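J.: Generate coordinates for the sequence data below:
(one chain, ligands or ions: 1)
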Amino acid sequence: MMDCERALRELEAYLDGELGAPAQVEIERHLLGCTSCFDRGEFRLRVREIVRRKCGFEAALPDQVAVRIRRIISIEAEGRPGG
Ligand SMILES: [Zn+2]
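T.: As a prediction, this is how the structure comes out:
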């Protein structure tokens, strides 16, 4: 079972695409159910995108990870009560 402490500890590896498939799914499930970890994940993602845009080097996310995270963000945005 993924708790916040573990989710945050593995967030960097997740964003780097270094987690295996089961851990990836676990952390995504946690992010969808946990606003505070989700916000942190989204924050990190945005920081990386800004760094990538400014520096253009390997702070870049692996493409498949970026796609997964964007999908989670859009699911979260649609699911948020009261807009
Ligand atoms: Zn959490």
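J.: where in this structure is pLDDT low?
T.: 1, 55-61, 79-83 (pLDDT under 70).
J.: Write out the residues of it neighbouring the ion.
T.: 4, 7, 34, 37 (Cβ under 5 Å from the ion). Placement of C-beta: from N, CA and C, glycine included.
J.: Now render those residues as TSV, adding neighbour count and secondary structure.
T.: Formatted as TSV, those follow (neighbours: other Cβ atoms under 10 Å; DSSP: H, G, I helix; E, B strand; the rest coil):
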residue	neighbour count	secondary structure
4	12	helix
7	22	helix
34	17	coil
37	21	helix
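J.: how deep is the residue lying closest to residue 17 once chain neighbours are set aside tucked in, by neighbour count?
T.: Nearest non-adjacent residue to residue 17, counting by Cβ to Cβ, 6 or more residues apart in numbering: residue 62, 3.7 Å away. Neighbours of residue 62 under the rule other Cβ atoms under 10 Å: 12.
J.: Switch the residues of the chain next to the ion over to a markdown table; also include distance to residue 14.
T.: Converted to a markdown table, those look like this (distance: Cβ to Cβ, whole Å):
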| residue | distance to residue 14 |
| --- | --- |
| 4 | 14 |
| 7 | 9 |
| 34 | 14 |
| 37 | 11 |
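J.: Go through those residues and say which is closest to residue 78.
T.: Set against residue 78, the nearest of the residues of the chain next to the ion by Cβ to Cβ is residue 34 (17.2 Å).
J.: Now do the same contact list for the closest one.
T.: By Cβ atoms under 8 Å, 6 or more residues apart in numbering, the contact list for residue 34 reads 4, 7.
J.: if you set the cut-off to 10 Å instead, what comes out?
T.: Neighbouring residues of residue 34 by Cβ atoms under 10 Å, 6 or more residues apart in numbering: 2, 3, 4, 7, 8, 40, 41.
J.: And the next helix or strand past the strand or helix carrying the last one?
T.: Following DSSP states H and E, one finds residue 41 within helix 35-55. With elements assigned by DSSP H and E, the helix or strand that comes after helix 35-55 is helix 63-79.
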